[in-house]
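Asker: what follows is a predicted structure for the sequence shown.
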Protein chains: 2
Amino acid sequence: MHAKQSAAALPNSIIFPGAKAPVASLGAEEATHLRLQALARYAGARSRDSRVIDNSVSQVVLVVEGAVKLIASAAAGRTQVMGFYFKDDFIYVPARDTHAYNLCALTDCELVAFPATEFIRLAQSDKTLNNNFLSHLLRALGRCREKSLALGQKTARERVATFLVSMAERIGAPFSNGAVLDLPMSRRDIGDNIGLTIETVSRQMTELRNAGIVSTSGRSQVKILDLAALKQEAGHLPVPT
Amino acid sequence: MHAKQSAAALPNSIIFPGAKAPVASLGAEEATHLRLQALARYAGARSRDSRVIDNSVSQVVLVVEGAVKLIASAAAGRTQVMGFYFKDDFIYVPARDTHAYNLCALTDCELVAFPATEFIRLAQSDKTLNNNFLSHLLRALGRCREKSLALGQKTARERVATFLVSMAERIGAPFSNGAVLDLPMSRRDIGDNIGLTIETVSRQMTELRNAGIVSTSGRSQVKILDLAALKQEAGHLPVPT
DNA sequence: CGAATTTTTGATAAGGTTCAATACAAGTGG
DNA sequence: CCACTTGTATTGAACCTTATCAAAAATTCG
């Protein structure tokens, strides 16, 4: 299902009660709000919907509610999950080129999409918005480089641990010496994100469980019992002095 | 050797004859030039110099001449080469954080570095410069995502082929059905860039040579005899329709 | 030319994938 | 509400790719 259309035209979409709220988290000045509103395409999506937004042009997407994954497709049907995004996250989705990028809903969710070109033009006249966008891009680049490092250098164990640490920081609820999290993505998604097969992910989870570092219940709940130990497993750099 | 210092203080550095030229490729408006000049730190480096620029603060670096690599260091002495950069390339080097980023010279080279914070502030008042910086960041993010896909999904053969295709596009001279290139980096650098050991890189090069797709002479010269075949090996997506 | 370094080649081993089967969770219809 | 069905996750065994270790060959540089 395509989503570059106004909310009214989408049967599945969730109509926002107060339309101003989502755009507010972009931190733009008052004067920019109206113009952002005009540009915004609200899109609701049900869990598992793929191609949640139109990728014929580059888009800047804000997650208002729910969770999505950004996937890239290469030859031979292989896909890489470039990242997972949650409430208030901000995603740059390039237009289809040598690889095709798409957003897929992991849960029912609400998104706001802006055509990138117009968004950037608008940001030029609003220092706050421009700064926010810039610092978002810098963070995205930083995270992507971290991922490159992980994919290029780390073992299966380290990758799974790294993934869990990252998720704990983003969607974990504090718990004892660690955190509790409810993973909205499947083992396949995790594998495609960290460059492993589902079997390897599963085995590493089992080993972490046997080592008493995490415990699991059901498919999605993970309790991190010892965050320090998990970070150790993740192969993180000692804190710089 | 540290390089956040003016050219005059660097024994190794190459003093530029006309100091305006390097900044010109940033495409800034006339009025911004002087302020960029004031901000710029010129740094020359000899081949193999590491820590070519100061990484205690984030920097935006322009390559005026030569070639450099951006490396990230993780625990256990593992390093990932995040990318290679050549004349007129533009690099965002974040301050040291959970990982340490550094520029290393592959050849004798000339660089211009700007403290990122001030550079960004200056860009705010110059639409052209701001646009250039933004589009640079978007391209950098795109390339980094491509690399994630390669590291997460591709085989050794595909990675080496992908690397060669990319280098051909960036520093190759046209030649018959392919290109000739003079690689300024070692096999180790290549391996650290695409997540393989030097032995595996070497073996894959040998196989590509045996397949008649490339030929080599000396350490650094590579002739791509059949670019189409090499792209095939790289596992690229068929051109979108 | 000769020394030092880098690259290539070879043999072996380890980590991860693949294939196959079982167990588990969640949803569906009686 | 429970049995049945479907999809997802876990476990096991064999295989394959790539890493590791070790040595020889090639290139660069003094």
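Answerer: Received, thanks. These numbers were taken from a predicted model, which means no experiment stands behind them.

Asker: buried set for the longest helix belonging to chain A?
Answerer: If you go by DSSP state H, chain A has its longest helix at helix A:127-153. Going by neighbour count (16 or more other CB atoms under 10 Å in any protein chain shown), the buried part of helix A:127-153 is A:129-130, A:132-134, A:136-138, A:140-142, A:144-153. For glycine as for every other residue, the C-beta is placed from the backbone atoms N, C-alpha and C.

Asker: quick check: which of the residues you listed are also close to DNA strand D?
Answerer: Counting by CB under 7 Å from any atom of the strand, nothing from the buried residues of helix A:127-153 sits close to DNA strand D.

Asker: could you find the closest non-adjacent residue to A:L122?
Answerer: Using CB to CB, 6 or more residues apart in numbering or on different chains and skipping residues adjacent in sequence, the residue nearest A:L122 is A:R35, 5.7 Å away.

Asker: how about A:K154?
Answerer: Among residues not flanking A:K154 along the chain, A:G235 sits closest, at 6.0 Å (CB to CB, 6+ apart).

Asker: what's around A:S176, how many residues?
Answerer: Neighbourhood size, A:S176 [other CB atoms under 10 Å in any protein chain shown]: 11.

Asker: secondary structure element for the residue nearest to A:L122?
Answerer: Following DSSP states H and E, one finds A:R35 within helix A:30-39.

Asker: how close does the residue nearest to A:L122 sit to B:A211?
Answerer: 56 Å (CB to CB, to the nearest Å).

Asker: need the contact list for A:M185.
Answerer: If you count contacts by CB atoms under 8 Å, 6 or more residues apart in numbering or on different chains, A:M185 has them with A:A67, A:K69, A:V81, A:F84, A:L106, A:N193.

Asker: surely A:Q80 forms part of a strand?
Answerer: Yes. Counting by DSSP: H, G, I helix; E, B strand; the rest coil, A:Q80 is part of a strand.

Asker: separation between it and chain B?
Answerer: Noted for A:Q80: a distance of 4 Å to chain B, by CB to the nearest CB, to the nearest Å.

Asker: what of A:L137?
Answerer: Applying CB to the nearest CB to A:L137 and chain B gives a distance of 5 Å.

Asker: do A:D189 as well
Answerer: Taking CB to the nearest CB, one finds A:D189 at 13 Å from chain B.

Asker: and the strands in chain A, which stretches?
Answerer: Under the criterion DSSP state E, chain A contains strands at A:41-45, A:59-65, A:68-73, A:79-85, A:90-93, A:100-105, A:109-115, A:173-175, A:178-182, A:214-217, A:221-224.

Asker: with respect to DNA strand D, which of these lies nearest?
Answerer: Among those, strand A:214-217 comes nearest to DNA strand D, with 5.9 Å by CB to the nearest atom of the strand.

Asker: pull out the buried positions in the closest one.
Answerer: Of all the residues in strand A:214-217, those buried under the rule 16+ other CB under 10 Å are A:V214.

Asker: same deal with stretch A:185-204?
Answerer: Within stretch A:185-204, the residues that count as buried by 16+ other CB under 10 Å are A:185, A:187, A:189-196, A:200-201, A:204.

Asker: cool, and stretch A:42-51?
Answerer: Buried residues in stretch A:42-51 (16+ other CB under 10 Å): A:Y42, A:A43, A:G44, A:A45, A:D49.

Asker: do that stretch and DNA strand C meet at all?
Answerer: No. Judged by CB under 7 Å from any atom of the strand, stretch A:42-51 makes no contact with DNA strand C; its nearest approach is 9.2 Å.

Asker: quick one: distance of that stretch to the chain centre.
Answerer: 14 Å (CA atoms, centre = their mean, to the nearest Å).

Asker: could you do stretch A:25-41 as well?
Answerer: Distance of stretch A:25-41 from its chain centroid, counting by CA atoms, centre = their mean, is 22 Å.

Asker: isn't A:L138 right up against B:H136?
Answerer: No. Checked against CB atoms under 8 Å, the pair A:L138 and B:H136 is beyond contact range at 11.5 Å.

Asker: what sits in contact with each of those two?
Answerer: B:Y92.

Asker: what about A:S125, how many residues nearby?
Answerer: 13.

Asker: now do the same contact list for the residue lying closest to it once chain neighbours are set aside.
Answerer: Leaving out its chain neighbours, the residue that sits closest to A:S125 by CB to CB, 6+ apart is A:T32, at 7.4 Å. Shown in contact with A:T32 (CB under 8 Å, 6+ apart): A:L122, A:S125, A:D126, A:L129.

Asker: of those residues, which is the nearest to DNA strand D?
Answerer: Of the contacts of A:T32, the one sitting nearest to DNA strand D (CB to the nearest atom of the strand) turns out to be A:L129, at 38.1 Å.

Asker: quick one: residues contacting the closest one.
Answerer: By CB under 8 Å, 6+ apart, the neighbours of A:L129 are A:L26, A:G27, A:A28, A:E29, A:T32, A:L36, A:L122, A:A123.

Asker: flag the shaky bits of chain A, pLDDT-wise.
Answerer: By pLDDT under 70, the low-scoring segments of chain A are A:1-22, A:24, A:237-241.
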